[in-house]
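J.: All I have is the shape, not the residue letters:
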């Protein structure tokens with residue numbers, strides 16, 4: 001695999017395959033799902049997979065990384081456990097960033113890159129003020145995105161609640177509420193908006209035209225149909241039936 005440039009260090013993980021290679025005189029043997037740091041400035045540096053799988057790599061500016069983690073170069077070719085909570089958060093946020101990168105504006109991409117860098121320095125072992133800043137910025141953003149991802153995965157479930165999320169993420173319900181409020185929206189407002197957007201998409205779907213409005217409401221996570229009609233009209237200025245008919249006329 002290509003390791004970038006001499007001005008960068010490379011965070012590498014292969015979720016489904018062990019990694020093997022060398023960084024100069026340092027042998028590199030990393031189990032599947034664990035993380036390692038590569039250094040492209042070392043002559044002959046290489047990393048390969050022992051079986052077929054996908055690489056996940058992130059190029060980090062060497063100078064910035066060493067300012068945050070002066071010991072980063074000591075960890076080159078070492079194994080960082082993937083089961084570490086911060087490492088797990090980094091990998092989940094990496095997947096989210098990769099999935100949505102082509103839909104983000106430049107300023108949003110810059111923010112996501114900064115958050116990944118923050119998570120990387122926490123994973124590697126930043127200390128003091130640098131670690132606190134990274135926790136406040138990168139870790140908070142990654143935890144919020146992970147919460148949002150979990151909410152979207154269970155939007156249609158009547159069991160979705162602050163209590164369920166709190167138990168799954170091991171943080172208090174009030175902490176979840178504060179994380180959303182700091183991002184400029186309430187938890188309940190986010191859930192409602194996402195359910196309404198899903199309902200609107202389902203109503204426009206030509207393959208679901210034969211489904212009743214009440215079924216669409218349930219698929220979007222609404223189990224009080226009267227409330228669904230009121231909330232939908234407030235949000236879109238039309239009834240669910242209006243949106244379906246308009247979509248059919250445009251199709």
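T.: Sure thing, it's come through. Predicted, not measured: the structure shown is a model, and the values here were computed from it. Residues are numbered from 1 along each chain as shown.
J.: Next, residue 247: secondary structure please.
T.: helix (DSSP: H, G, I helix; E, B strand; the rest coil).
J.: And it, what's its pLDDT?
T.: Per-residue confidence at residue 247 stands at 79 (pLDDT).
J.: Distance of it relative to residue 221?
T.: Between residue 247 and residue 221 the computed distance is 20 Å (C-beta to C-beta, to the nearest Å). No exception for glycine: its C-beta is placed from N, CA and C like everyone else's.
J.: who has more neighbours, those two?
T.: Shown here are residue 247 and residue 221; by other C-beta atoms under 10 Å, residue 221 has more neighbours (21 against 15).
J.: So the more buried one is in contact with residue 195, correct?
T.: Yes. Counting by C-beta atoms under 8 Å, residue 221 does reach residue 195; the two are 4.4 Å apart.
J.: Show me whatever sits in contact with both of the two.
T.: Common contact partners of residue 221 and residue 195 (C-beta atoms under 8 Å, 6 or more residues apart in numbering): residue 155.
J.: residues touching the residue nearest to residue 93 when sequence neighbours are not counted, list them.
T.: The shortest distance from residue 93 to any non-neighbouring residue, by C-beta to C-beta, 6 or more residues apart in numbering, is to residue 142 (4.0 Å). If you count contacts by C-beta under 8 Å, 6+ apart, residue 142 has them with 89-90, 92-93, 115, 119.
J.: Helices along this protein, start to end?
T.: All helices of the chain, identified by DSSP state H, fall at 62-68, 85-100, 106-124, 128-134, 140-153, 162-169, 173-182, 187-204, 213-219, 225-236, 240-250.
J.: Residue 49 is nearest to which of those?
T.: helix 85-100 (16.5 Å; C-beta to C-beta).
J.: who's in contact with the closest one?
T.: 13, 15, 35, 56, 58, 80-82, 112, 115-116, 119-120, 122-123, 139, 141-143, 145-146, 149.
J.: Please type out the ChimeraX selection for whichever of those residues turn out to be buried.
T.: In ChimeraX, a selection of the buried entries from the contacts of helix 85-100 looks like this (16 or more other C-beta atoms under 10 Å):
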select :13,35,56,58,80,82,112,115,116,119,120,122,123,139,141,142,143,145,146
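J.: Let's test this: name the helix or strand in the protein with the lowest mean pLDDT.
T.: helix 128-134 (a mean of 69; mean pLDDT, DSSP states H and E).
J.: Where does the prediction get shaky in the stretch 151-251 of the chain?
T.: 249-251 (pLDDT under 70).
J.: now with 80?
T.: 247-251 (pLDDT under 80).
J.: now do the stretch 1-150 of the chain
T.: 1-6, 50-55, 84, 100, 104-105, 107-108, 125-142.
J.: at 70 instead, please
T.: Using pLDDT under 70, the stretch 1-150 of the chain drops low at 1-6, 53, 126, 130-131, 134-138.
J.: so who does the closest residue to residue 51 other than its chain neighbours touch?
T.: Leaving aside its sequence neighbours, residue 51 sits nearest to residue 17 (C-beta to C-beta, 6+ apart; 4.5 Å). With contact set as C-beta under 8 Å, 6+ apart, residue 17 has these partners: 32, 49-53.
J.: burial count for residue 220?
T.: 22.
J.: my read: it touches residue 196, true?
T.: Yes. Counting by C-beta under 8 Å, residue 220 sits close enough to residue 196 to count as a contact (7.4 Å).
J.: how close does residue 188 sit to residue 157?
T.: As judged by C-beta to C-beta, residue 188 and residue 157 stand 15 Å apart.
J.: now residue 66
T.: Distance, residue 66 to residue 157, by C-beta to C-beta: 45 Å.
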